[in-house]
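Trainee: Any chance you could fold what I've pasted below:
(2 chains)
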Amino acid sequence: MDAIGERSLQWFAAERVVEEPDLPALVRDYSGLLYRVALSLLRNRAEAEDVLQDVFLRVLQRKRELAAIVELRPWLVRIAWNLALDRRRRIRPQQMDDLFAEGLLAADQPADQALAEAGRIRQVMAAIERLPQRERQALLLSAMDELSTAEIGIVMGRSESSVRSLLFRARTHLRQRLDL
Amino acid sequence: MQFEHNNHDDAINKTLSALKSAAPPEGMEARILQRLQQSASAAPFLWRDLLTGSALAGAWWRGALTGLAAAMLLVGILLLAQHGLRPTSRHDVSQVAATRNLVPTPVSVAASPGCPAHAQVHRAWVGSTTGETIHARVHHAWIGPSTSFAPSHPAPVLPLTAQERALVRLVQTVNPKQLASFNFDAQEKAETQEIDDFNKFFTPPPAPPQPADNDSPTNTQQPAPQQGEQI
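Mentor: Predicted coordinates:
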């Protein structure tokens, strides 16, 4: 009986090694990227951080499925994007940080130049807001260096060529809107 | 125009690069990890976690549960083996069948290998129509594995009743059209009508009236011959 118990313990221990993810390492590796993804959609730092916590809570809930996930980064980005979209529906546009644009600029710029650039960024962000949803998603995800076009395609559930086409159309529409 | 486009592209690129370079707030990772730890400690109790957990108590439980399961499996196998080897002393067979006309018929059991000679069937009620229950009681029958898995034999075909035999004869002799329009009352009426017609046809004509005066010219006329007489 002892031998059986010992073997079963070994078996459970082996299974545990395979299943258990290293959550601190995941947080360390992906928190920056996921934060920027959420921030690009929400334009509010506190809300983006909340979304990030929700993302890792989801990961914790599904930690046994992590071993079976092949494309971990697109999977995490998709979770972050969906949760940010969900949170965005609940917050008002006024809750989006007014100082967000200023916060994006470098601190060593002259005040007048920084003010002008902040206005310009705010204008571009407003134009991005008016883009169709798919084009906006492709454009904002393309801003993340860590994501390749193929990975953006996996996140969006589209082919690579479709993502390129969406990016081209997004930029064209953005230029048209900034002309007005 | 080109200048404006370049300006727009510059603005778009600056915005996107600003988004790209946005730094997360300080201490964010620590806060996330702390929240995860809180959630993990407050997670609901799951049997699966108990089975796969790393705590010492969990290990104890896992060993005990595994041993218990193995012991139960062993006992089950032993009981099953004992049950399969023990002969059955008495076996009642209850059978619900569709029957109306119950005819007591002795049922003969085909001799099968593994069935001892003393196994006998006392009596069985066998019927052919619906609505009633029949019980066949088999005493001292050896129901061993070989008997249980032996192919079942259908009950012997019962002899036909007198009505059934008449019906079969009718079906074999009468053509289908007549059979389809077969009706006892109509048939009886038709036969009665036929007999009446026959009798009516062969009924002798009424006797001619006796003439009072033989010289009368009207008496010289003979009655018209009946149709039947011509034939």
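
Trainee: Residue numbers of chain B in contact with chain A?
Mentor: The interface of chain B toward chain A, taken as CB under 8 Å from any CB of the partner chain, is made up of B:4-5, B:8-9, B:11-12, B:14-25, B:28-29, B:31-33, B:35-36, B:39-40, B:51-52, B:54, B:59, B:62-64, B:66-67, B:70-71. In short, each C-beta sits where N, CA and C put it, glycine included.

Trainee: which of those residues are buried?
Mentor: Burial of the residues of chain B next to chain A was assessed by neighbour count (16 or more other CB atoms under 10 Å in any protein chain shown); the buried members are B:8, B:11-12, B:14-16, B:18-19, B:22, B:24, B:28-29, B:32-33, B:35-36, B:52, B:59, B:62-63, B:66.

Trainee: since we're on residue A:77, how many residues are nearby?
Mentor: Residue neighbour count, defined by other CB atoms under 10 Å in any protein chain shown, stands at 26 for residue A:77.

Trainee: could you say which helix or strand contains it?
Mentor: Using DSSP states H and E, residue A:77 sits within helix A:72-90.

Trainee: can that helix be found next to chain B?
Mentor: No - looking at helix A:72-90 against chain B by CB under 8 Å from any CB, there are no contacts, and the closest approach is 12.4 Å.

Trainee: Packing partners of that helix?
Mentor: On a contact count with 3 or more CB pairs under 8 Å, 6 or more residues apart in numbering or on different chains; DSSP states H and E, helix A:72-90 meets helix A:23-42, helix A:45-61, helix A:133-142, helix A:149-156.

Trainee: Now that we have the ones you listed, can you turn them into CSV and tack on mean neighbour count and mean pLDDT?
Mentor: Formatted as CSV, the helices and strands packed on helix A:72-90 follow (neighbours: other CB atoms under 10 Å in any protein chain shown; pLDDT from 0 to 100):
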stretch, mean neighbour count, mean pLDDT
helix A:23-42, 21, 90
helix A:45-61, 20, 90
helix A:133-142, 20, 92
helix A:149-156, 20, 92
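
Trainee: Redo the ones you listed as CSV? Include distance to residue A:115.
Mentor: Shown next, in CSV, are the helices and strands packed on helix A:72-90 (distance: least, CB to CB, whole Å):
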stretch, distance to residue A:115
helix A:23-42, 22
helix A:45-61, 20
helix A:133-142, 24
helix A:149-156, 33
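
Trainee: quick one, helices of chain B?
Mentor: In order along the chain, chain B carries the following helices (DSSP state H): B:2-20, B:28-41, B:47-52, B:56-85, B:145-148, B:162-173, B:176-180, B:184-201, B:217-220, B:227-230.

Trainee: Now do the third one, average pLDDT.
Mentor: Per-residue confidence for helix B:47-52 averages out to 56 on the pLDDT scale.

Trainee: Please apply the same query to the last one.
Mentor: Over the span of helix B:227-230, the pLDDT mean works out to 47.

Trainee: Likewise for the second one?
Mentor: Here helix B:28-41 scores 86 as its mean pLDDT.

Trainee: Relative to chain B, how far out is the spatially closest residue to residue A:162 that is not a sequence neighbour?
Mentor: In space, residue A:162 comes closest to residue A:153 once its chain neighbours are excluded; the distance is 6.9 Å by CB to CB, 6 or more residues apart in numbering or on different chains. Relative to chain B, residue A:153 is positioned 18 Å away (criterion: CB to the nearest CB, to the nearest Å).

Trainee: cool, and residue A:134?
Mentor: Applying CB to the nearest CB, the value for residue A:134 to chain B is 17 Å.
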